[in-house]
Every structure is written in structure tokens, then in C-alpha cells.
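[1] pasting a predicted model and its sequence here:
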Amino acid sequence: FNTRDLTPFRGIQARIVSLQPLVPDQILVSMNLHHRGRHDVFRIDLQSGAIELDTRSPGNVLEWCADADLQTRAGVSLSAPGGYTIIIKDLNTGEWSPMVTIPAGSILPKLIGFSPDGTVLWYLGDNPSGRIQLWALNLQTGETKSTTDALPGDVVQVFQDPVLGVPEGVALMNPEISWHLFHNGYSFTIDFLKFEKGDLSFPNRSLQKKHWIVRYTDPQMSTTYQVFTLGERHKVSLLGMERPNLRNKTFSPTKPLQIPGSGGGTIRATFNPSIRPEEGPHPWVIRVADGSIDQPKMQFDEEAQWLAHKGVSVLSIFPPRGAAACYPLAGLAEGYWANDLQNDVLSARQWVVKQDQAVPEKIFVKGVGFGAYAALAAAVKQPDAFAGVVLVNGVTDIPSFMAELPIYHQSIAPALASWYMGDGKGMLSSPFD
């Protein structure tokens, strides 16, 4: 392949915003080129490499979205109270206006695309009960409506028209993936493609929708990719697989769980038992995920499988969605970060001990991001609970975390400070003081 650097600038960060089939010779990229603390959108000519400013960021924008004509028309900004705002650009004046306000504690909305007439914006976001749904925002009235309210589970993938971007169906996680199509044209196709083990997904389709890339993901085997061709006689051919040498090997089954949490709640979890059960009680590792960022996934987990083959069982726990956003330091007074977060980790340890397959003196805990805070806080609260603590990218000191933000996040630092620390009222001392 011939490669060319389209963003040959030192010290900047470039993110792809959009590639559209209707405008095949251009690409939109966001870069902190004019100001290191702000990502503006630039239009790059793929033939000449010419770069021009397309959209100047109005501030605090975390995500951009373009329409099928490659016009930057929407964004998601971080608001000072800790939530998000979907902003829309007037193509006539170039002015940006807030359209939807999303409260603190919600997930970051994922902008999907616009309707062909430009009057509707689709995006993924959670409802008040925490379920991730596909929403339709009417840009003329400002009204939002869930298109998947009657469907069970979280929407984890949107099946879109490859040219216009119109949603044609959704994949639901509950806890395994199932597909719901908005019309019956592809129902037989989906059923036909279920010949391989694993959750079904569609990374890409040709513009004429004749050729599909089909992915099968299974926690007990390597991920497989097939090329599916529509025709009088459907054709499927193997494209490739991840880790083919792992095919037909013995793996630890990944089991979805809900275990008792602190305060009468439940903890979402997955469990990978040791593949050496005949050895009796053995070491365990409790892994604490990164708050609202990580969600339970029924897919191949290298670390869990490696540990299971070493005779170690793995319990992975996932804090309530939005915990990292809704209960930062200002929320300590409400009790979640001060008590419940680390208590959930200790509740998970109690569950492990009750399985009668653990050596209590050999239970370890590992946390990632905000999960690292929970793991360390639990170990401080009960020093004898764990044989060891592993922290990965741990957020244990919010002021230091804010001070060490990369330069391209400096523009949203005031909003992040309000998000994490609020106005300082009701703040409790850190458990590490």
C-alpha cells in the first residue's frame, strides 16, 4: 500500500470526523492545530492533500457529526454542570445553537447521523433508567423520541444504510447480542448468517449492499470474519480470523452474573472460572471496571483466559452506569464514592468467599480508571481483604488528575473541574488522607 501523512504536524492530535461515499475525495478531521487546547474541524482533499478550516469549535466539543454531504452539522459539548449538550449548526449562518441538554450521570451521547432531508439527527444515549437507546431528534421542533423504547436491552450497534446513514436496525445486548430490524427485508439474511458460533455484527457493507463483512464474536473462541454476498444463491467465504491457533482449544466459559451489592443493590458482573477445578480452592482476581465507560461484554478476554489457565478464577464487576459521572467528589456527601463504591468491591469479595472455591488469603483486586479508585479505597477500608492490589490508570487524586490533563483537553478543564469537584460544598476527606 502507498501511504501518505495527511496531517504532518508535530505536537497535534488528529481524529477522523467523517468519510462519506457521496464525497469520496474529501475527509473531515478534527485537530488542535490552531489552538492546542481546542479541536477544530478541517477538510482535507485526499488527492492534493490540501487542508482548510471547515468548522471552528465553539468550545468544549467532545464529538462532531457530519451529514451525508460531508457538512459538519452537529456536536456534543461538555456542559459546566457535568452533563452534555447536543449542539446544531445553522448551515446558512454558521451559528451553533444548543438543542438537547443531557443531565450529569448520563453516558456520552454517540451521534449516528442525519436523515436524508436533514431534519432528524439520530444518536445513542441512555434513558432515565439507564438503558441505552436510539433516539431521533427532530431539528425543526427540538423534540426527542426513542425509536427503541419497546425493545429489551441496550442498543450497542446501529445497522445503517452505507450511503445515506439511515438506521435500518439495531443490535441489542441483553446480555448476549440479538438483532432487531426496522423492516423485514433482511430478516431472512440475519437468520441465514447464524451458522457460525458467536454474536453477529456487521462492521461494513458495500455501497450497493451486495457484499457484507460479517463478524462472529464468541468468548470461547477467536473472532471470525466472513464475506457474505447477496444474490440468487447467497455466498459466504472466510475472510480471516483473530488468533487462529486458538481454534478448538479449551477456554474458560464467560458467564454473566448479577451479584448482591451494597445497600440492597445488585452488581453486574462476568465470571471466568479456573479451568483446573480439580485442584480445589484456588486464587481469585476481582477486576473492577472503569465506571460508566466499561460495560459487560460477552467476548474473548485475553487476560481472564490467561489467568483461568493458570488456575485462577476471575470475577469482573461493573459499577452502575453513570457512577463515574454522577458521583464524583462533589457526590461524596451523597455516599456513593465515600461508601457504596468500595463496599461493592467488598461485597464482590464476600460473594467469592461463599463459592467455597477460593483461598481467602489469595484473593486479589485489580481496578482500571475509576475502578482503580474503588479497588484502592476498598483495600484501605479493609486492609486484610486482599492479598494484593493492582491499579491501572487509577484516578485517586482528582486535583492531580486535573493538573495533568493533556493540553488538548485544557479547553474543557473548567467543565471537568465542575463535573468532578462541584462547588466544593459537602466534600468529605479522601480515604487516603
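    On my side now, so go ahead.

[2] contacts, neighbours, all on C-alpha from now
    Fine.

[3] for this structure, what helix or strand is lowest in average pLDDT?
    The least trusted helix or strand in the chain, going by mean pLDDT, DSSP states H and E, turns out to be helix 323-326, with a mean of 43.

[4] what's whichever helix or strand comes after that helix packed up against?
    Per DSSP states H and E, the first helix or strand lying C-terminal to helix 323-326 is helix 341-354. Packing partners of helix 341-354 (3 or more Cα pairs under 8 Å, 6 or more residues apart in numbering; DSSP states H and E): strand 255-260, strand 282-288, strand 358-368, helix 370-381.

[5] these into TSV, with extra columns for mean pLDDT and mean neighbour count?
    Shown next, in TSV, are the helices and strands packed on helix 341-354 (pLDDT from 0 to 100; neighbours: other Cα atoms under 10 Å):
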stretch	mean pLDDT	mean neighbour count
strand 255-260	86	16
strand 282-288	96	24
strand 358-368	94	20
helix 370-381	89	25
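
[6] closest to Ser79 out of the ones you listed?
    Ser79 lies closest to helix 370-381 among the helices and strands packed on helix 341-354, at 20.7 Å (Cα to Cα).

[7] the closest one vs helix 341-354, what angle?
    Counting by axes from the mean of the first three to the mean of the last three Cα atoms, to 10 degrees, helix 370-381 points 70 degrees away from the direction of helix 341-354.

[8] and the helix or strand just after helix 370-381, what's its mean pLDDT?
    Per DSSP H and E, helix 370-381 leads on to strand 388-392 as the next helix or strand towards the C-terminus. Mean pLDDT, strand 388-392: 94.

[9] report the buried residues of strand 388-392.
    389, 391 (16 or more other Cα atoms under 10 Å).

[10] same question for stretch 13-30.
    14, 17-20, 26-30.

[11] also stretch 213-231?
    Under 16+ other Cα under 10 Å, the buried positions of stretch 213-231 are 213-229.

[12] and for stretch 159-175?
    159-173.

[13] pretty sure Ile16 contacts Gln26?
    No. Under the criterion of Cα atoms under 8 Å, Ile16 makes no contact with Gln26, lying 11.5 Å away.

[14] for the stretch 201-350 of the chain, give me the ranges with low pLDDT.
    219-221, 291-298, 320-339 (pLDDT under 70).

[15] what sits against the residue located most distally from the centre of the chain?
    Most distant from the centre of the chain: Glu232, at 38.2 Å, with distances by Cα atoms, centre = their mean. In this structure, Glu232 makes contact with no residue, judged by Cα atoms under 8 Å, 6 or more residues apart in numbering.

[16] shouldn't it be within a strand?
    No. Per DSSP: H, G, I helix; E, B strand; the rest coil, Glu232 lies outside any strand segment and is coil.

[17] contacting residues around Ala289?
    By Cα under 8 Å, 6+ apart, Ala289 lies in contact with 295, 316-319, 367-371.

[18] swap in Asp356?
    Taking Cα under 8 Å, 6+ apart, we find Asp356 in contact with Pro281.

[19] which parts of the stretch 51-200 of the chain are strands?
    With DSSP state E, counting those that start in this stretch as the criterion, the stretch 51-200 of the chain has strands at 51-55, 61-66, 72-78, 84-89, 96-102, 110-114, 120-126, 132-138, 144-146, 154-160, 167-173, 177-181, 199-205.

[20] now stretch 126-141: buried residues?
    Applying a neighbour-count criterion of 16+ other Cα under 10 Å, one finds 126-127, 132-138 buried in stretch 126-141.

[21] how about stretch 67-83?
    Within stretch 67-83, the residues that qualify as buried are 67-68, 70-83, counting by 16+ other Cα under 10 Å.

[22] which residues does the closest residue to Ala377 other than its chain neighbours contact?
    Distance criterion Cα to Cα, 6 or more residues apart in numbering; nearest residue to Ala377, sequence neighbours excluded, is Gln342 at 5.8 Å. Applying Cα under 8 Å, 6+ apart, one finds that Gln342 lies in contact with 374-375, 377-378.

[23] burial of Asp344, as a residue count?
    27 (other Cα atoms under 10 Å).

[24] that one contacts Ile267, doesn't it?
    Yes. Applying Cα under 8 Å, one finds Asp344 in contact with Ile267, separated by 7.3 Å.

[25] give me the common contacts of these two.
    By Cα under 8 Å, 6+ apart, Asp344 and Ile267 have these common neighbours: Gly261.

[26] and Pro8, its phi and psi?
    phi -80, psi 60 (degrees, to the nearest 10).

[27] got a pLDDT number for it?
    At Pro8, pLDDT is 93.

[28] next: the one 3 residues further on.
    Gly11 is assigned a predicted lDDT (pLDDT) of 88.

[29] check Lys197 too.
    Reading off the confidence values, Lys197 has pLDDT 72.

[30] hmm, it is touching Ser222, no?
    No. If you go by Cα under 8 Å, Lys197 and Ser222 don't touch, sitting 10.3 Å apart.

[31] tell me which two of the buried residues of stretch 13-30 sit farthest apart.
    So, those by Cα to Cα: farthest apart are Ala14 and Gln20, at 17.9 Å.

[32] returning to that earlier point: tell me which of the buried residues of stretch 126-141 is nearest to Arg247?
    Ile132 (33.2 Å).

[33] how far away is the closest residue to the closest one other than its chain neighbours from Met99?
    Residue nearest to Ile132 in three dimensions, not counting chain neighbours: Asp126, with 4.0 Å by Cα to Cα, 6+ apart. Using Cα to Cα, to the nearest Å, Asp126 is found at 17 Å from Met99.

[34] quick check: buried residues in stretch 259-268?
    In stretch 259-268, counting by 16+ other Cα under 10 Å, buried: 259-262, 266-268.

[35] what sits up against that stretch?
    256-258, 269, 296, 317-320, 340, 343-344, 347-348, 351.
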